[in-house]
Each structure stands twice: as C-alpha cells, then as structure tokens.
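Undergrad: Sequence first, predicted model second:
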Amino acid sequence: LPQLAAHFGLSSVLGWAPLSPRSPGASDFVGHAVRLLAHRRHPAVGRRVEGGTVFSAFPSPSVAFVLQALLPLVIIFAGFNLFAGEEVRATARLELSVGVAPERLVAGRALGLALPARVPLLGVLLVAAATLARDGATRDEYARLLAFGGATGAYVLTCVAVTVCCSLHARSARQALVVL
C-alpha cells in the first residue's frame, strides 16, 4: 500500500499560521501545495505570482505592508519640515532664545514625530495579540508577534531618525522632501 501511494502520488497542503493574514510573507511566491510522487521532484503549486498579472509581484495590501510601506510615507510627510522650514516660521530661533538647549529641541521634535507614529503599530499589535489569545496560540506564535513588533518598531524609529536628520541638514523644506 505505501508503494502504491508513492507511485500514484499524494498532495501535501501547507497550513496557514494564525499571523499570516497580518503578514503573509513569501507565501505568494512559494506556493501552498506540493505533489509528492515517487522518483520525481515537483515544485510547489498554488503560487499567486505564477498565474497573475504584472502587479501580482507586488505585496498584497496586508497590515504588514501598511506598517512597512505607508507609515514611513506618513512620517516623511509629517516631518520633512521640522527644521527645514525655519526661515519661514522662525520658531526654533524663538525657542533657542528662551534657553532651550539645541539637543533638547531636536529630541523633543523627534519625540513629537515618533509617538504618534507608534500608535498604529501598537494598535495592530494589540489586535493581533487579542486574535492569538482567542485562537489559543502557542508561546512560539506570541514570540513571533513580539519579534514582528520589535522589528517594525525599530524600523519606524529609524524612519523618524532619518527624517529628522534630513530635515535638520536641509537648506529648505523642498530640498528635505526631495532628499527623503
């Protein structure tokens, strides 16, 4: 009987992880099922990229895509003129004349940009943790969620730091936006 099954073939289907709707990863490129035959090697089938259009190669609009592609754009558009537009506003000169140290001014504006940027990330993590708790997830799935949150949080903070540095060194707001 095992010899018959080996020669006629079996299909092995990949299951979905609880966090895959939030971050599908490479599942569109890898495939979802493998046909197992004796003495033959078959590639995975069910790849969305294989039978789709040119736009199938782009990531699907998942929660991870929004956090990793759209949130940095919001950060850039909110922070490109933190310091670059000072000729027009002259608020930094006023703040420095009151006695605020330049380091504190930069840190305060960076914090003012970073805290609202972390709100969508924390909301996604709380909803994902509640979903995992409802589904009875294992400790490994919580560790993956924590790693995803930490990596995405570090990415958001890096985007904030790059935006603040670029705005600090640009001569005009237009130049800061073009560089970013």
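TA: Happy to help now that I have it.
Undergrad: For the rest of this, base every contact and every neighbour count on C-alpha atoms.
TA: Fine.
Undergrad: which strands and helices sit next to the lengthiest helix in the chain?
TA: The longest helix of the chain (DSSP state H) is helix 102-135. For helix 102-135, the elements it packs on are helix 71-79, helix 91-98, helix 139-169, judged by 3 or more CA pairs under 8 Å, 6 or more residues apart in numbering; DSSP states H and E.
Undergrad: Buried residues of that helix, list them for me.
TA: Val106, Ala110, Leu113, Ala114, Ala117, Arg118, Leu121, Val124, Leu125, Ala128, Ala129, Leu132 (16 or more other CA atoms under 10 Å).
Undergrad: when you compare where that helix runs with where helix 139-169 runs, what's the angle?
TA: Counting by axes from the mean of the first three to the mean of the last three CA atoms, to 10 degrees, helix 102-135 points 160 degrees away from the direction of helix 139-169.
Undergrad: Helix 102-135 relative to helix 71-79, how many degrees between them?
TA: Going by the same axes, to 10 degrees, helix 102-135 makes 150 degrees with helix 71-79.
Undergrad: where's Val156 relative to Gly112, distance?
TA: As defined by CA to CA, to the nearest Å, Val156 lies at a distance of 13 Å from Gly112.
Undergrad: Extract the residue ranges of the protein that are flagged as low pLDDT.
TA: The model of the chain has pLDDT under 70 over residues 1-61, 87-88.
Undergrad: Give me the three-state assignment for Arg171.
TA: coil (DSSP: H, G, I helix; E, B strand; the rest coil).
Undergrad: how about the nearest residue to it once chain neighbours are set aside, secondary structure?
TA: Excluding the flanking residues, the one nearest Arg171 by CA to CA, 6 or more residues apart in numbering is Ala84, at 6.1 Å. Taking three-state DSSP as the rule, one finds Ala84 in the coil state.
Undergrad: Was I right to think Ala84 contacts Cys165?
TA: No: counting by CA atoms under 8 Å, Ala84 sits too far from Cys165 to count as a contact (10.1 Å).
Undergrad: More neighbours: the two, which one.
TA: Ala84 (23 against 17; other CA atoms under 10 Å).
Undergrad: Got phi/psi on that one?
TA: With angles defined as degrees, to the nearest 10, Ala84 sits at phi -70, psi -30.
Undergrad: quick one: contacts for it?
TA: By CA atoms under 8 Å, 6 or more residues apart in numbering, the contact list for Ala84 reads Ser167, Leu168, His169, Ala170, Arg171, Ser172, Ala173, Ala176.
Undergrad: Spatially nearest residue to the fourth one, not counting backbone neighbours?
TA: Excluding its sequence neighbours, the residue lying closest to Ala170 (CA to CA, 6+ apart) is Ala176, at 5.3 Å.
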